[in-house]
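**Student:** model this:
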Amino acid sequence: MSTAPTNWATNLTYHAAQFHEPQSVPELQEIVLRSSMVKPLGTGHSFNEVADTTGVMISLKHLNQVVAIAPEKQTATVQAGIRYGELCADLHAHGFALHNLASLPHISVAGAVATATHGSGVRNGNLATAVTALEMVTADGKVVVISPETVGETFYGVVVGLGALGIVTQLTLRIEPTYNVRQVVYENLPQASLTVHFAEIMASAYSVSLFTDWQESPLRWQVWRKHRTDENADFSAEWLEATMATASRHPLTTGNAIYCTEQGETAGAWYERLPHFRLDFTPSNGEELQSEYFVAFADAIPALEAIATLQDQIRPLIYVSEIRAIAADNLWLSPCYQRDSIGIHFTWRKSEEAVSQLLPLLEEKLAPFAPRPHWGKLFTLRPQDLQARYPRISDFQALRHQYDPDAKLQNPFLQQYL
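**Tutor:** I've put the predicted structure just below:
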């Protein structure tokens, strides 16, 4: 037991009275049984209080093993605390891969799944869509297995659970044969080209990310295209008025590309190209804040145009924005529930008061597009507005009462928004 930590960005010091790092599931069960309030913590990459508690906070960092790889089922079962960086290297060594990855390989599988964290690709669902089953310790200390076979449709309500239903200890993920990826960056894409060709650009590679710092008017964009080598790709030096970078780039124009995964002509394993940042480097020192809003893919350009009316207010507070595409899914609390989406991400300077004043203005501009915020990032939407955007919210509330009738796993964030 030790004192509660801060999150990665250090904008939060958690309020936990106790902090535990159990070495086994039975030890975790004992902690849960004797606690009146308990909450799991991933790698601390959330920027809000979704993981906070005034009771007992639990890290599963020691439950970090690959339990089994089942080639005949095309699945891998892993402990909840494993980070994607370690998992992916193991999968690749056995000839397998995941369908997609987030920008950082440093995050835990359970934490990413619980908050519907995502990568990019018009055909690719968020990371939680790879889950075919999970095991969790419920508030009464019991271990339950959740899958479509054991609980039917309820499975789709449990996967993105925000830590509100139980402490996930193990996940089974859908895998596929390993593949290689080549990553190329195009620079100085004009806003006019993006406006006309947005759908084409986002479908131009297996995974595509757009970056801008909102400094220029009209905007210009970096386009990071990640191509599978088993799919056709066009590597023209000029493309839609953008030019291919002649050296490696960082999303920040002033950033050092040494922290980024390899770019250029050399293809590499999927897990060495799909993330933007390398596992063996810390991508930044945490001196940032983050927000992200999801709108329908069809609303991408109108939403960006609405945000651009705040460019003067955004400019002094922003490091960079990233635009990614995420396919629709059926997970009840996924921001992409039944809606092909784009994620509009903001990495802010660590000016907490100024950012908190800007977010309501940003959300007002996005309101016509019914934005759903990332569960682990900063937002100020009213609870009733957020709930209205999730058709299965009442079904999830019923699940909370079923799995946690005494509210042992709840916290003020969940009580406010769910």
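
**Student:** Tell me which stretches of the stretch 101-250 of the chain form strands.
**Tutor:** 131-137, 143-146, 167-174, 176-177, 180-190, 207-212, 220-228, 238-239, 242-244 (DSSP state E, counting those that start in this stretch).

**Student:** of those strands, which approaches residue 327 most closely?
**Tutor:** In terms of CB to CB, the element of the strands of the stretch 101-250 of the chain nearest to residue 327 is strand 207-212, at 11.7 Å. Every residue, glycine included, has its C-beta placed from N, CA and C.

**Student:** Reformat the strands of the stretch 101-250 of the chain as a markdown table; add mean pLDDT and distance to residue 260.
**Tutor:** Listed next are these as a markdown table, based on pLDDT from 0 to 100; distance: least, CB to CB, whole Å:
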| stretch | mean pLDDT | distance to residue 260 |
| --- | --- | --- |
| strand 131-137 | 98 | 28 |
| strand 143-146 | 98 | 37 |
| strand 167-174 | 98 | 25 |
| strand 176-177 | 98 | 25 |
| strand 180-190 | 98 | 9 |
| strand 207-212 | 98 | 12 |
| strand 220-228 | 98 | 9 |
| strand 238-239 | 97 | 20 |
| strand 242-244 | 98 | 16 |
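
**Student:** how near is the spatially most central residue of the chain to residue 294?
**Tutor:** Centroid check for the chain by CA atoms, centre = their mean gives residue 117 as the closest residue, at 2.0 Å. For residue 117, the distance to residue 294 (CB to CB, to the nearest Å) stands at 12 Å.

**Student:** Same question for residue 191.
**Tutor:** 21 Å.

**Student:** Look at the two and report which has more neighbours.
**Tutor:** Taking neighbours as other CB atoms under 10 Å, residue 191 and residue 294 compare with residue 294 leading, 29 against 18.

**Student:** What's the first helix or strand after the longest helix that the chain contains?
**Tutor:** Ranked by residue count under DSSP state H, the longest helix found in the chain is helix 352-366. Per DSSP states H and E, the first helix or strand lying C-terminal to helix 352-366 is strand 372-373.

**Student:** which other helices and strands contact that next one?
**Tutor:** When contacts are defined as 3 or more CB pairs under 8 Å, 6 or more residues apart in numbering; DSSP states H and E, strand 372-373 packs onto strand 288-296.

**Student:** Need the contact partners of the strand it packs on.
**Tutor:** 9, 11, 47, 303, 319, 326, 335-336, 339-352, 355, 359, 362-363, 366, 369-374, 377-379 (CB atoms under 8 Å, 6 or more residues apart in numbering).

**Student:** what's the answer for stretch 255-275, then?
**Tutor:** 84-85, 88-89, 91-92, 97-98, 100-105, 119, 178-185, 207, 226, 228-229, 245, 247-251, 276-278, 281-283.
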